[in-house]
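K.L.:
Quick one, fold the following:
(3 chains)
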Amino acid sequence: MEAFGLLLHGFAVLLTWKTLVLMMVGLVLGIFVGVLPGLGGPNGVAILLPLTFTMDPTSAIVMLSCIYWGALFGGAITSILFNIPGEAWSVATTFDGYPMAQQGRAAEALTAAFTSSFIGSLVAVLLITFLAPMISSFALKFGPPEFFAVYLLTFCSFVGLGREAKHKTVISMSLGLLLAGIGMDTVSGNLRMTFGSPELLRGVNFLVAVIGLFGISEILLTMEERLALRGHAAGISLRVVLGVWRDLPKYWVTLLRSSFIGCWLGITPGGAIAASFMGYNLAKRFAKEPESFGKGRIEGVFAPETAAHASGTSALLPMLALGIPGSGTAAILLGGLMVWGLNPGPLLFVEHKDFVWGLIASMYLGNVVGLVLVLTTVPIFASILRVPFAAVAPMIVVSCAIGAYAIQNAIFDIWLMLGFGVVGYVFKKIGIPLAPFTLALVLGNRAEDAFRLSMIGSGGTLKVFWSNGLVGSITTLAILLLFWPVIDSLLARVGLTHGTRATSR
Amino acid sequence: MRIPVKAVGAATALLLSTPAFAGWEPTKPVEIVVAAGAGGASDQMARMMQAAIQKNNLMKQPMVVSLKGGASGAEALMYMKSSEGDPNKVLIAYSLIYMLPLSAKIPFNWRELTPVSVVALDQFVLWDNSAGPKTVKEFVAAAKAASAPFKMGGTGSKREDHVLTVFLEQKTGAKFSYLPYKSGGEAATQLVGNHTQANVNNPSENLEVWRAGQVRPLCVFDKERISYTSKVTDTQSWADIPTCKEEGVDVQYLMLRAMFLPGKVTPEQQAFYVDLFHKVTQTAEYKEYMEKQALKPIFLTGKDMVQFLEEDDALNKSLMTQAGFVAK
Amino acid sequence: MSQTDIEIVVDDPTAPEDDSPSVVSSGTVEIVICLLLLALAATLGYDNWRTGASWDATGPEPGYFPFYLSIILGCGSLYGLIATLVSHRATRETFVARAQAGRVMAVFVPTLLFCLVTQFLGLYVASFLLIAGFMRLVGKITLWKSLLTALVFTAIMFVTFDIAFDVIMPKGPLEAALGR
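P.N.:
From the prediction side, this is the model:
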């Protein structure tokens, strides 16, 4: 059991007072950002990232992953008590969670939500634990062509499978790739698209863009809507918790199904949002009395929460193993890794064992500690919502500015953040998806470098992308995915399948 | 309400710590500007200095490492250039100060900054995979015989590693395709994975993979062998690596590691830092670091330093010109 | 711990009315955005063509990918432009109503001023001004509460970043006067 030994070592790395304190701080901050309107997992992690810049990578990632757990738990609090989904993936939780709260079963709903988040994440962490050692043995096989093929696969899956209007995905992605190219080109050592400006020399930092695109634009959007809210706060008693836990075995099918969906969608870039809806819909479809869903059924909380958290957690695996983020938060953690001087990708498992296993161990610990923490402190956090938005909004703006500035110590980045805030606001309103944009921004340069290094290495022939089984199959899969809509409709025409459109929604 | 009280406490503590003796001293935290990414050789050196200064109480104000590795370090150069007259920023420079203005037409000239001291010289070593040829002669023969050119990994384009590769080609007659990676660490792991056949990394960049027995040092690009004789791997020390000249390939290159202040600072401010970094080079932390990373100790300041810089500049310029890396 | 529900009610006195007139339609915004993106694509495309956008012996030149990406971006925006002009239905949808626009501006303008002030007076002074000003003027919260919240928040930020974690923020004359 290599994994088990490494995991124990990971726990040994973690069990110091300093990391435990950081863990608590991270969880509290995380719940905080999860509960606050206009913030949420990815933004919270992006804004709090600078706090970790002066820490060693292991402490830093422990704190960040705890912020992430906290935000995940925090999102459920607002969904259930106030019918405000803190995150897009909490939307499905409101379907049954809020009715339960209205019936005075808020405590039960919250316990169900936290418990199922815990279970979902736990399943995903177990999966990561057992898959991680395999990755490290396979890591050294990755040269430039292999890296390029994997990046290509990620980009193609976005264009081919995205639900938005294709031209909008294309606009979003090409804009991201272009902005990623600004600054110095590593392969030739030349500057490009800088127009002689020293500020553009360093390029557009991904994290600055994210803080603007999500943090600032979210404030603008939140402000635009009506902010009055009415909800129920509940203290959770031990009796309710035990009651819910005693009933858990009854729902094992739902829990297992949702965990599986979540893990699958987390590893392939499907995301937590799709996972939570799919978990909910399947639970409803297979239920004996589907019409009781939406009226405060506890399974309606279990199913989406388990799936969302399994997916959010397993999204970290492709990020660590391949350098490909499976979710927004994973993309930000990826940016963080690069700031700390760690190169995400298969080699991370070879070069920084301590870090990887420390992270995995912190997922277990953070999850357990987080569960206890949220169960005991719900009323305190729920009352945060009583703070007027007029006080919260400027604080979030300041936090965003601090976050944007600290990444490269550049005032120009604060302006850039503001600019991206406006872009994010407008894009969201006219339906240009932001996910391909951020993905392109974070992977664009790496993909281009990998492509050009492959070209130099092979003497300029594209055959290098089919030069061995590994790279060849990834490249082929990427191209299939890119043209999937076309292939799908062709298959439909010849009558082989009735089209996946009905199921892929 | 506890936190603001703490803030006031901290503020008064700072006000009380006024300098006890004459001469200039920084009154704000000092930024040590690194012209490279996190974890690179410059970053590690900056963090060593930060630790050495703090542990030995060489300065009252804290030192903060500020990474400005954007645009292959050009960001740091422009930042120093625009900080004229600010004595709270010190750049840890290497040969990019000569090369970047030539290759990428960055409007920068090291003569606009205030030189403080040269603190170390960095070596370059020719490495290959431990499954590859065992000596320089075999390596060159294999490179010449190969049907496709040998792949040489390195950091960045038109920089030290690239220049060395071009000179290796000229001296040996073998052909290499140079693959520019983002960092020395990446070049190291790509060599381990056999995606490149060789690299010309600094000792520090390949240290770990050498100790793991995954790469082999073939020769060092210096007039003399590295002086450190304690064993790094089971069988070899740095001093066991032959020079390239011994092996019949006469290519030499050393890279400076030097400290600079922005332009237009006062002589007192300059003197403070000369003294500070002189003290740093006396610390145990510095000595241990030099040996671990196989750096060549040196301390130059004042006129000696300027003379060294001028000569080094001329040398780098001629190398860059010969290699054809100077932008038109 | 009791199981009785505590009800939390937060009212929003400045909420927009639902029947506020539209300021601008989505279609118009889409057209403007597409035109802007087209202009951007043209500028970047030209710059990359100048840098060198061909495929030489060792693979693509530095401007190769960005050049073709600019073309793709241009095509995408052009398609978006035509699609919006052709479909009349989407054009009439409200992008933002007047009351909403007012509220968005009420956040955007202070944020803009905040960035400007940060440039000259440093982040902490700007942060104090933004929080106090926003709470007082936009949120209509009593002056002393606004000032106190702003002071406490700014102080916490200062202690956390500048003292505890050594993350240095932009400073202005006030901090210089205090010797930081």
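
K.L.:
Up against chain C, what does the stretch 101-250 of chain B have?
P.N.:
Counting by CB under 8 Å from any CB of the partner chain, the stretch 101-250 of chain B comes close to chain C at B:Ser177. Using the backbone N, CA and C atoms, a C-beta is placed for each residue, glycine as well.

K.L.:
Quick check, the residue in the stretch 101-250 of chain B closest to chain C?
P.N.:
Closest residue of the stretch 101-250 of chain B to chain C, CB to the nearest CB: B:Ser177 (7.5 Å).

K.L.:
What does that residue show for phi and psi?
P.N.:
phi -100, psi 130 (degrees, to the nearest 10).

K.L.:
who's in contact with the closest residue in space to B:Phe124 that isn't next to it in sequence?
P.N.:
Leaving out its chain neighbours, the residue that sits closest to B:Phe124 by CB to CB, 6 or more residues apart in numbering or on different chains is B:Phe221, at 4.4 Å. Applying CB atoms under 8 Å, 6 or more residues apart in numbering or on different chains to B:Phe221 gives the contacts B:Gln123, B:Phe124, B:Val125, B:Leu126, B:Leu164, B:Val200, B:Thr243, B:Cys244, B:Val251, B:Gln252, B:Tyr253, B:Leu254.

K.L.:
Show me the one in those that has more neighbours than the rest.
P.N.:
Across these, the neighbour count under other CB atoms under 10 Å in any protein chain shown reaches its highest value at B:Val200, namely 29 neighbours.

K.L.:
And it, its phi and psi?
P.N.:
Per-residue torsions, B:Val200: phi -120, psi 50 (degrees, to the nearest 10).

K.L.:
Which residue does chain A have closest to chain C?
P.N.:
For chain A, CB to the nearest CB, closest residue to chain C: A:Ala390, 2.2 Å.

K.L.:
which secondary structure element contains that residue?
P.N.:
Per DSSP states H and E: A:Ala390 is located in helix A:389-408.

K.L.:
May I have that helix as CSV, with CA atoms only?
P.N.:
Extracted in CSV, the C-alpha atoms of helix A:389-408 (Å, rounded to 0.1, in the frame of the first residue of the first chain):
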residue,chain,number,x,y,z
PHE,A,389,-24.8,45.2,1.8
ALA,A,390,-23.7,48.8,1.8
ALA,A,391,-21.0,47.9,4.3
VAL,A,392,-20.1,44.6,2.7
ALA,A,393,-19.8,45.8,-0.9
PRO,A,394,-17.0,48.3,-0.3
MET,A,395,-15.1,45.8,1.9
ILE,A,396,-15.3,43.2,-0.9
VAL,A,397,-14.0,45.9,-3.3
VAL,A,398,-11.1,46.6,-1.0
SER,A,399,-10.3,42.9,-0.6
CYS,A,400,-10.4,42.4,-4.3
ALA,A,401,-8.0,45.3,-4.8
ILE,A,402,-5.6,44.0,-2.2
GLY,A,403,-5.7,40.6,-3.9
ALA,A,404,-5.1,42.0,-7.3
TYR,A,405,-2.3,44.2,-6.2
ALA,A,406,-0.4,41.7,-4.1
ILE,A,407,0.0,39.2,-6.9
GLN,A,408,2.6,41.2,-8.8
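
K.L.:
Could you look up the next helix or strand downstream of it?
P.N.:
Once the chain leaves helix A:389-408, the next helix or strand it forms, by DSSP H and E, is helix A:411-430.

K.L.:
What are the contacting residues of that next one?
P.N.:
For helix A:411-430, the external contacting residues (CB under 8 Å, 6+ apart) are A:172, A:199, A:204-205, A:208-209, A:211-221, A:400-401, A:404-405, A:407, A:433-434, A:437, C:26, C:29-30, C:33, C:95-96, C:104, C:108, C:111-112, C:115, C:118-119, C:170.

K.L.:
Select the longest helix from the chain.
P.N.:
All of this refers to chain A. For chain A, the helix with the greatest residue count under DSSP state H is helix A:106-138.

K.L.:
right idea, wrong chain: chain B
P.N.:
In terms of residue count, the longest helix belonging to chain B (DSSP H) is helix B:302-323.

K.L.:
which parts of that helix are buried?
P.N.:
Within helix B:302-323, the residues scored as buried using 16 or more other CB atoms under 10 Å in any protein chain shown are B:Met305, B:Phe308, B:Leu309, B:Asp312, B:Asp313, B:Asn316, B:Leu319, B:Met320, B:Ala323.

K.L.:
For chain C, see how far away the third one is.
P.N.:
Going back to what we said before, that points to B:Leu309. 29 Å (CB to the nearest CB, to the nearest Å).

K.L.:
for the second one, same thing?
P.N.:
Relative to chain C, B:Phe308 is positioned 32 Å away (CB to the nearest CB).

K.L.:
How about the fourth one?
P.N.:
Using CB to the nearest CB, one obtains 29 Å as the distance from B:Asp312 to chain C.

K.L.:
what residues does the stretch 1-150 of chain B put near chain A?
P.N.:
Going by CB under 8 Å from any CB, the residues of the stretch 1-150 of chain B near chain A are B:37-40, B:43, B:66-68, B:70-72, B:74-75, B:78, B:82, B:103-106, B:148-149.

K.L.:
Just the buried ones from the residues you listed?
P.N.:
For the residues of the stretch 1-150 of chain B next to chain A, a burial check counting by 16+ other CB under 10 Å picks out B:37-40, B:43, B:66-68, B:70-72, B:74-75, B:78, B:103-104, B:106, B:149.

K.L.:
In strands, which of the residues you listed fall?
P.N.:
Counted as lying in strands by DSSP state E, out of these, are B:Ser66, B:Leu67.

K.L.:
Helices of chain C, start to end?
P.N.:
C:26-51, C:64-86, C:88-91, C:98-121, C:123-133, C:143-158, C:173-177.

K.L.:
Show the model's pLDDT score for residue 62.
P.N.:
Going with chain A. Looking at A:Val62, its pLDDT reads 82.

K.L.:
Not quite, go with chain C.
P.N.:
Reported pLDDT for C:Pro62: 85.

K.L.:
Let me know whether it touches A:Thr186 as I believe.
P.N.:
No: here C:Pro62 does not reach A:Thr186: they are 9.6 Å apart, not a contact under CB atoms under 8 Å.

K.L.:
Tally up the residues packed near the residue of the stretch 101-250 of chain B closest to chain C, please.
P.N.:
Residues near B:Ser177, counting by other CB under 10 Å: 19.

K.L.:
Spatially nearest residue to it (excluding sequence neighbours)?
P.N.:
B:Ser177 sits nearest to B:Pro149 (CB to CB, 6+ apart), 4.6 Å away.

K.L.:
Equivalent analysis for C:Gly45, please.
P.N.:
Per CB to CB, 6+ apart, closest to C:Gly45 is C:Ser70, 3.4 Å.

K.L.:
residues touching that neighbour, list them.
P.N.:
Here C:Ser70 is in contact with A:Ser174, A:Leu178, C:Ala41, C:Ala42, C:Leu44, C:Gly45, C:Asn48 (CB under 8 Å, 6+ apart).
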